[in-house]
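Enquirer: Kindly return the folded structure for what I paste below:
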Amino acid sequence: MDAAQFNASIYNLVQMIPPQKVTSCGHLAKLAGAPSQARRVNQLVKLLGQMDSCAPWHRVISTSGIISEHGGLGSVQKRALEDEGVLIRTGILGESRVEFSRWGWFPDHADVPSEVDSDDEWGA
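Expert: Predicted coordinates for the structure are as follows:
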């Protein structure tokens, strides 16, 4: 899978995350067939947030359940999740956290096209 196909796969996976659910970069990498590429997924999700994409990038959080700052996008992500009804709690160190046991989306597999099927050419 080349870089454009990987990007498109991640974009399409992000589109599949249901409202009121979250998943991790690591899980998206696994579903895309590249389990060692979680950091790359994180970079792509950050890019989606910076691009003001229609993809629900805000539903992707860290493997530990923490809402990362993503270059200042953490407050935007937190607000978007709260607007969907996801409960955000404050951790012991003041970090924003989501409980995967309640809000997690972790399918074992997903049929993911490696092409972007929309007007948003992010993955192409």
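Enquirer: Just confirm residue 31 contacts residue 112, I think it does.
Expert: Yes. Between residue 31 and residue 112 a contact is recorded at 6.6 Å, counting by CB atoms under 8 Å. C-beta coordinates here come from the backbone N, C-alpha and C atoms, glycine included.
Enquirer: check contacts around the residue positioned nearest the centre of the chain.
Expert: Most central in the chain under CA atoms, centre = their mean is residue 60, positioned 2.5 Å from the mean C-alpha point. The contact partners of residue 60, by CB atoms under 8 Å, 6 or more residues apart in numbering, come to 14, 17, 22, 23, 24, 25, 28, 41, 45.
Enquirer: ok, now with 6 Å
Expert: residue 45 (CB atoms under 6 Å, 6 or more residues apart in numbering).
Enquirer: mind listing what the residue located most distally from the centre of the chain touches?
Expert: When each C-alpha in the chain is compared with the mean C-alpha position (CA atoms, centre = their mean), residue 92 comes out farthest, at 23.7 Å. Listed by CB under 6 Å, 6+ apart, the contact set of residue 92 is empty.
Enquirer: pLDDT value on it, please?
Expert: Listed pLDDT for residue 92 reads 93.
Enquirer: how about it, secondary structure?
Expert: coil (DSSP: H, G, I helix; E, B strand; the rest coil).
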